[in-house]
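# Here is a sequence with its predicted model. Questions after.
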Amino acid sequence: MRPQAVLVDLSDAPQGVWRGDELGEAGAATCPSGHPGLDAELPGGGWPLGALTEVLQPAAESPLWPLLLPALAQAAAVRGQPVALIGPPHEPFGPALAAGGLPMESLLWVRADAAPARLWACEQALRCAEVAAVLAWLPQARLGELRRLQLAAARHGALLFVCRPDAAAPSSSPARLRLRLQPQPDGQLDVHLLKRRGPPLARPMPMPGRGARLSGLLEATRPGRPAAPASPILPAGEGGATVVRLDLRRALRQDPRHALDRASVAA
């Protein structure tokens with residue numbers, strides 16, 4: 001005998017029972033994204049604190065900062081603690097980030113090429129009570145490693161973003177929130193909400209993408225010009241992870257007009 005489907009009326013469900021056709025509450029604290037339209041679609045009205053938010057990109061250099069910079073700047077300002085950037089594809093360009101509200105003294109750039117070193121640095125940053133937020137590029141992270149980061153973020157209550165290639169979209173993830181970014185030829189950035197507590201979002205959300213002047217937000221020099229060596233401020237950790245100091249004067253010396261131009265329009 002085949003079982004029969006049973007329809008349950010949840011219209012009179014007790015308060016606190018989440019229905020799958022409704023946008024759920026975050027269940028924890030959130031941080032506003034700085035984009036009201038996006039906040040309206042995120043459970044709790046913002047990025048989750050103490051949880052993993054996974055950002056999928058077609059390439060590591062794809063537009064990212066217009067989406068995340070407002071929340072990272074707010075987290076650093078409210079908590080008075082630095083933001084850890086782990087394994088970015090380019091040297092963080094401090095003047096432009098500072099113009100967007102994230103001053104250079106609030107940045108910890110962790111330079112690490114090997115996947116184990118990046119993972120180790122990310123876990124250490126999440127365990128540090130003096131870190132306001134973590135943004136890590138972990139293209140090779142596996143499911144078990146992502147779960148470890150999720151647990152570490154939950155203990156600390158930190159804002160955690162992990163960037164991975166969009167080829168990882170079909171795979172399982174413990175992330176509470178999962179996004180896929182799709183740059184458009186006109187400079188617009190489409191944000192697909194792949195995973196949230198609520199009904200699927202039928203259409204991507206259009207966001208301002210990285211403009212021509214902001215295309216170098218993470219680049220310290222023009223293409224073809226070698227960067228001067230940055231100054232490490234901590235010894236290499238496990239697997240060669242190194243925290244590096246950003247130098248405003250060095251960045252300006254490399255290309256004063258280009259640097260000042262980016263700084264003036266980043267806000």
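Received, thanks.
# So what sits opposite residue 108 in the bridge?
Each beta-bridge partner of residue 108 is listed here: residue 84, as defined by DSSP bridges.
# That one against residue 83, yeah?
Yes - checked against Cβ atoms under 8 Å, the pair residue 108 and residue 83 is within contact range at 7.0 Å. Any C-beta I mention is one placed from the backbone N, CA and C, and that applies to glycine too.
# Between the two, which contacts overlap?
In the contact map built from Cβ atoms under 8 Å, 6 or more residues apart in numbering, the residues linked to both residue 108 and residue 83 are residue 131.
# Pick out whichever of the two has more residues nearby.
Between residue 108 and residue 83, counted using other Cβ atoms under 10 Å, the more crowded position is residue 83 (26 against 23).
# wait, what's in contact with residue 208?
Residues touching residue 208, when contacts are defined by Cβ under 8 Å, 6+ apart, comprise 66, 187, 188, 189.
# make it 6 Å
Taking Cβ atoms under 6 Å, 6 or more residues apart in numbering, we find residue 208 in contact with residue 66.
# Show me what it is bridged to.
The residues paired with residue 208 through beta bridges, assigned by DSSP bridges, are residue 188.
# And the average pLDDT for stretch 99-109 is what?
Averaged over stretch 99-109, pLDDT sits at 86.
# swap in stretch 162-182?
With pLDDT averaged residue by residue, stretch 162-182 scores 92.
# Span of that stretch from start to end?
This stretch, stretch 162-182, spans 16 Å end to end (Cα to Cα, to the nearest Å).
# next one: stretch 35-46
Between the opening and closing residues of stretch 35-46 we find a distance of 9 Å, counting by Cα to Cα.
# Could you check that stretch and say which residues are buried?
Taking 16 or more other Cβ atoms under 10 Å as the basis for neighbour counts, the residues of stretch 35-46 that come out buried are 35, 38, 39, 41, 42, 43, 44, 45, 46.
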